[in-house]
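# Give me the fold of what follows.
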Amino acid sequence: MKRLNVKQMVLYVGGILMCQISWMGCFPLIPAFFTAVCLEDAARLALSAAMFVGIILFVPIAAAVKYLMVIVVILITIKLFEWAEGYCTVLCAASAAAIAAFMMSLSGELLNIRNASGIPVSMIEAVFVFAAVMTGTRFVDFFMQMSLWPQKEAEDSRQETKLVSYADSFNGLSRIFSRMSSTQKGFSSEQMYRIQNELTGTLCVNCNQCAMCWEKQESPMYSYLAYMLQSLQRTGEADHEIVVQMQEYCPYTDAVVQESMRIFEKARLNLAWYNRLLENREIIAQQLDAMAYIMEDCANEKNEITMEHRQMMAEVKYRARERGVIVQKPRLFENKDQRWQFTCNACAKNGSCISMKELTKAVSAGLERAMRPHREERSLVSPQGADVVFEEDTCYHETHAVARMVKDGGHVSGDNYSFLELDHGQLAMMLSDGMGSGSQAGKESELVLELLEKFLEAGFSEETALKMMNSAMVIRGEDDLYSTVDICSLNLYTGRCELYKIGAATTFIKHRDYIERVESSSLPVGVTHRMETGSTKKQLEDGDFLVMMSDGVLEYLQEEDADLAMCGILQELSEKHPGQLADAILKEVLERTGGKAADDMTILVCGVWKK
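Residues are numbered from 1 along each chain as shown. Okay, the predicted model is just below:
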């Protein structure tokens, strides 16, 4: 038996008092009140005992037998429904109570039992019981849920404040590193002076003619050496005319030239390492900015609006309980895009498992919005209970497919792709083409996509993820190992897509009446630490197809304008399924290349439709 609380005690006392209210020899509030409270699942054994006491104390013997039988029928009916379906709806319980009350009254009338009501009165009583149960469950639920909703915990606010302060700290560190990271293309005048001092200190200080060359003001060695160092800085070699003129004054000119070249080579190496250090500082600054961004995003990701929609929370709990699910700790959030997210702890009643679809219907009806479970939620609600997350349903749905072919003679494709479903109704389509073909190119493009997936799943924006991934590839520092990156971030709420193209081939959007192209002019990732990450935004409509492909598809079309030729191919194709369209594109390309693949070919197609 469940632990009794104050509200349950009030209901039990109310049940006893309901037994005193009669109308034309009938006590319709007895079955109505019992059914409404019984559906609340508030310690049914104690409730039955309380109603038994009330009936014995206040109801005549003939009527007491009738209503005790009605209570037994109602309890058995509810239990049978819960055993068979896992839950009993209000409609079923109200119908059972009304039919039981009418049948018992009809039996008393047929048997001519004293105090038995007439058939018309019995029918009116049955209708009243049905209506009272349908409305009474609402009042009972409101009474049980009536309490002050807890305010947002101060701890949550403190955590957000900490995240914001951490983000400010990382931004400050990023600015410090950025101020330190201006690379040098050449030597400053101070550095040239140090090179000259090192040269004279190494050779001239031990020379017998040092005083003649450097202590006399009219000596031309100052200007000769300065001109020679400038020519070394410009071309890497000493100017021949300056060398000839120096030989007239210095017998060790050849040694001076060789030592100068050695010192300059060492200085250039030091400058290269210094610039690399500054580039690494800039990369660290970018990563600190990314960390600050994700912290600020986490702190301001969503706003709790539970207090503003308490009635909706109660409605969700009522509708869920009607479907056999107990909902506790409901919380409602609104993100920066005004999309709702609902979280709660849900457990199935009576030891059975309830489909998540039933709970989804309850949540959608209670919040008056189309909701769906989070993509990682389980399909059943168990009696053990678990925290579940619902998010506002999207306005569009998509289907994607891929068609690919390995280069002739190859076994491993250098292209890799990914379809990644993210939070907030985002779909990320990614395609990476490693430099060249074969396993080495495949490993490189696979590493690029793995890094992007991890960053995107962690909550970074596409632009930030690209910068951090490029930073990692630059720090890795392997020459001639570059990859193109093609990303399409599709918002299934609005149908808008944002395309990021880093050295990638042209992307095509197949509308109903025309073909649209999105081109790229940036370098592949890993080439430079300063990568252009500009994006192009496009609006997709119902029935549009987005087609991404690697450069191996376009480069071997054997057409002067490959992009225009691909537009013609897409215009002619009439397939309405992404898989069929991708296969048809690849087939058409192979027909134009004589069935040969001179490079790895990968085609991604995504179709978008309104729900």
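# going forward, measure contacts between C-alpha atoms and count neighbours the same way
Noted.
# can you give me the helices in the stretch 251-400 of the chain?
Using DSSP state H, counting those that start in this stretch, the helices found in the stretch 251-400 of the chain span residues 253-299, 310-322, 356-367.
# A238 reaches D254, doesn't it?
No: with contact defined as CA atoms under 8 Å, A238 does not reach D254; the gap is 10.5 Å.
# what separates the residue sitting nearest the centre point of the chain from T494, distance-wise?
In the chain, the C-alpha nearest the mean C-alpha coordinate belongs to D423, at 2.4 Å (CA atoms, centre = their mean). D423 sits 14 Å away from T494, going by CA to CA, to the nearest Å.
# which element follows the host helix or strand of Q580 toward the C-terminus?
Secondary structure assignment for Q580, by DSSP states H and E: helix 578-592. Next along the chain after helix 578-592, taking DSSP H and E as the criterion, comes strand 601-610.
# quick revisit: lowest average confidence across the helices of the stretch 251-400 of the chain, which one?
Among the helices of the stretch 251-400 of the chain, helix 253-299 carries the lowest mean pLDDT, a mean of 69.
# which residues does S355 contact?
The contact partners of S355, taken as CA atoms under 8 Å, 6 or more residues apart in numbering, are S379, L380, V381.
# quick revisit: which of A238 and D254 has more neighbours?
More neighbours surround A238 than the other of A238 and D254, with 21 against 13 (other CA atoms under 10 Å).
# give me the element that one is part of.
Applying DSSP H and E, one finds A238 in no helix or strand.
# and the angle for the host helix or strand of S122 with helix 310-322?
Element membership for S122, per DSSP H and E: helix 119-145. Angle, helix 119-145 to helix 310-322, by axes from the mean of the first three to the mean of the last three CA atoms, to 10 degrees: 120 degrees.
# change the start of the numbering to 38 and stick with it
Okay, residue one is now 38; in that scheme the one you just asked about reads as helix 156-182.
# Tell me the buried residues in helix 156-182?
Residues of helix 156-182 classed as buried by neighbour count (16 or more other CA atoms under 10 Å): 156, 158-160, 162-171, 173-175, 177-178, 181.
# in a helix, that's where Q267 is, yeah?
Yes: remark: Q267 belongs to a helix, assigned using DSSP: H, G, I helix; E, B strand; the rest coil.
# Tell me the spacing between it and G451.
Q267 is 47 Å from G451, where distance means CA to CA.
# quick one, which of those two is more surrounded?
Counted by other CA under 10 Å, Q267 and G451 do not tie: G451 has more neighbours, with 28 against 17.
# buried residues in stretch 91-102?
Under 16+ other CA under 10 Å, the buried positions of stretch 91-102 are G91, I92, F95, V96, A100, A101.
# close enough to count as contact, the third one and M55?
No: under the criterion of CA under 8 Å, F95 makes no contact with M55, lying 9.4 Å away.
# and the nearest residue to S469 once chain neighbours are set aside, which of the three is it?
Distance criterion CA to CA, 6 or more residues apart in numbering; nearest residue to S469, sequence neighbours excluded, is V522 at 4.7 Å. Per three-state DSSP, the secondary structure class of V522 is strand.
# Contact partners for V522?
Per CA under 8 Å, 6+ apart, neighbours of V522: M467, L468, S469, D470, Y537, K538, I539, G540, A541, P561, V562.
# For it, list each beta-bridge partner.
The partner list for V522 in beta bridges (DSSP bridges) reads S469, I539.
# Out of the buried residues of stretch 91-102, which is nearest to M141?
A100 (9.7 Å; CA to CA).
# and the helix or strand hosting that closest one, average pLDDT?
Assigned by DSSP H and E, A100 belongs to helix 98-122. Here helix 98-122 scores 84 as its mean pLDDT.
# residues making contact with that helix?
Contacts of helix 98-122 (CA under 8 Å, 6+ apart): 63, 67-68, 71-72, 75, 85, 89, 92-93, 124-125, 130, 133-134, 137-138, 141-142, 150-153, 361, 387, 389.
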